[in-house]
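Trainee: from the sequence below, what's the structure:
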Amino acid sequence: MQWFMYGGGVLGIGLLLGLVLPHMIPSRKRKDRWMN
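Mentor: Numbers count the residues shown, from 1 in each chain. Model prediction:
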C-alpha cells in the first residue's frame, strides 16, 4: 500500500501544479483559449 500512497501523492501534486501554475504565470491568451 505504501507504493500506492506514494503514487497518489505524486499524482495529487502533479494535478495541483497543473491547476496552479497557469494561474501563477500571467498568460491571458491561454485563459481566453480555455474559456472559449
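
Trainee: how far off centre is the helix or strand hosting G18?
Mentor: Element membership for G18, per DSSP states H and E: helix 2-24. Offset of helix 2-24 from its chain centre (Cα atoms, centre = their mean, to the nearest Å): 7 Å.

Trainee: state the mean pLDDT of that helix.
Mentor: Helix 2-24 shows a mean pLDDT of 88.

Trainee: put the alpha carbons of that helix into CSV.
Mentor: Extracted in CSV, the C-alpha atoms of helix 2-24 (Å, rounded to 0.1, in the frame of the first residue of the first chain):
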residue,chain,number,x,y,z
GLN,A,2,3.0,2.3,0.5
TRP,A,3,3.8,2.5,-3.2
PHE,A,4,0.1,3.2,-3.8
MET,A,5,0.1,6.1,-1.4
TYR,A,6,3.3,7.5,-2.9
GLY,A,7,1.9,7.3,-6.4
GLY,A,8,-1.3,9.0,-5.3
GLY,A,9,0.8,11.8,-3.7
VAL,A,10,2.7,12.3,-6.9
LEU,A,11,-0.5,12.4,-9.0
GLY,A,12,-2.1,14.8,-6.5
ILE,A,13,1.0,17.2,-6.6
GLY,A,14,1.0,17.0,-10.4
LEU,A,15,-2.7,17.9,-10.6
LEU,A,16,-2.2,20.8,-8.2
LEU,A,17,0.8,22.1,-10.1
GLY,A,18,-1.2,21.8,-13.4
LEU,A,19,-4.0,23.8,-11.9
VAL,A,20,-2.0,26.4,-10.0
LEU,A,21,0.9,27.1,-12.5
PRO,A,22,-1.4,28.6,-15.2
HIS,A,23,-2.9,31.0,-12.6
MET,A,24,0.6,31.9,-11.3
